[in-house]
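**Student:** Give me the fold of what follows.
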Amino acid sequence: MGDIYYKTYTEEARGDAPHRAPWGLKQKDTFMEFSARRDWFLNSFPPAEVNRQRARTHDGLYQAYVVGEANTRAANHQIVREWRTMVKERADWEKYRERLVRQAKEFDQASAAFAEEKAKFESD
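**Tutor:** Have a look, this model is predicted:
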């Protein structure tokens, strides 16, 4: 369900009040409903960050959006590149495994033929 919300209290400030997360989500809730997504998203940022973003100019917000989008696309591109490499490595490993299995079968056949020849030789 996302990050678990933790908040620290001093003993005096907390008093007897039990800790409650700022959102109303419950276990087994999904983000398929808009209200659950909105509730989690609105309360997922600390108030200081919300105030800092509200204080930004329109150009500052746009610049932050562009930088964030560029970083996201770069990360996605790197993930795809690594996935392609992983697929190639997996294919190479499969070929190696098949070759090893084939060599093991050939060794078993050669061992059986050798044992048979040895038995013939010893019986003669």
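**Student:** can you give me the strands for the protein?
**Tutor:** In the chain, no segments count as strands under DSSP state E.
**Student:** Find the centremost residue of it, please.
**Tutor:** The chain has Ile79 as the residue nearest its centroid, 10.7 Å off, counting by CA atoms, centre = their mean.
**Student:** Check the gap between that residue and Glu69 for me.
**Tutor:** The spacing between Ile79 and Glu69, counted by CB to CB, to the nearest Å, is 16 Å. C-beta here means a position set from N, CA and C on the backbone, and glycine is covered the same way.
**Student:** pull the longest helix from the chain.
**Tutor:** helix 58-123 (DSSP state H).
**Student:** what's the offset of that helix from the middle of its chain?
**Tutor:** 19 Å (CA atoms, centre = their mean, to the nearest Å).
**Student:** What of stretch 52-60?
**Tutor:** Distance of stretch 52-60 from its chain centroid, counting by CA atoms, centre = their mean, is 32 Å.
**Student:** Output that stretch in CSV with nothing but the alpha carbons.
**Tutor:** Only the C-alpha atoms of stretch 52-60 are listed here, as CSV (Å, rounded to 0.1, in the frame of the first residue of the first chain):
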residue,chain,number,x,y,z
ARG,A,52,7.9,25.1,-0.3
GLN,A,53,6.2,24.1,-3.6
ARG,A,54,3.4,26.6,-3.1
ALA,A,55,5.9,29.3,-2.7
ARG,A,56,7.6,28.5,-6.0
THR,A,57,6.9,30.6,-9.1
HIS,A,58,5.1,29.1,-12.1
ASP,A,59,8.5,29.0,-14.0
GLY,A,60,10.1,27.3,-11.0
